[in-house]
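Asks: Return a 3D structure for these sequence lines:
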Amino acid sequence: MASSGNVFGIPITDETLRRMPEFDANEVISKRDRAQVAMYFMNSENNDAAARKHAEELKKRRGTVSQCPAWSTTLLETPSS
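Replies: Coordinates of the predicted model:
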């Protein structure tokens, strides 16, 4: 699921985790919890393949491209962090 031309996947927030059965009863969602879920979803829905394909298409149009995957785990401080 691409949310923009070069961003792939969904943000992993406290609300994302609360929708998951294994976290719905947790009072506190930690940064570590968000990071672990982000790592799990990193390759889901073919996000990695979509990012690679996007880089290949850019390379065809521009001649050279550097691909540097960065997985955001939404580590911003939240009240429940």
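
Asks: Could you check how far residue 61 is from residue 52?
Replies: 15 Å (C-beta to C-beta, to the nearest Å). No exception for glycine: its C-beta is placed from N, CA and C like everyone else's.

Asks: Residue 51 and residue 16, how far apart?
Replies: On the measure of C-beta to C-beta, residue 51 and residue 16 end up 19 Å apart.

Asks: Kindly state the pLDDT recorded for the residue with the largest distance to the centre of the chain?
Replies: Distance from the centre of the chain peaks at residue 63, with 27.3 Å (C-alpha atoms, centre = their mean). Confidence at residue 63, expressed as pLDDT, is 85.

Asks: who's in contact with it?
Replies: For residue 63, no contacting residues are found, by C-beta atoms under 8 Å, 6 or more residues apart in numbering.

Asks: between residue 61 and residue 52, who's got more neighbours?
Replies: Between residue 61 and residue 52, residue 52 has the larger neighbour count (other C-beta atoms under 10 Å), namely 14 against 7.

Asks: Read off the pLDDT value for the more buried one.
Replies: 82.

Asks: Assign a three-state SS to it, would you?
Replies: Following DSSP: H, G, I helix; E, B strand; the rest coil, residue 52 is assigned to helix.

Asks: Also residue 25?
Replies: Secondary structure assignment for residue 25 (three-state DSSP): coil.

Asks: What of residue 65?
Replies: What three-state DSSP gives for residue 65 is coil.
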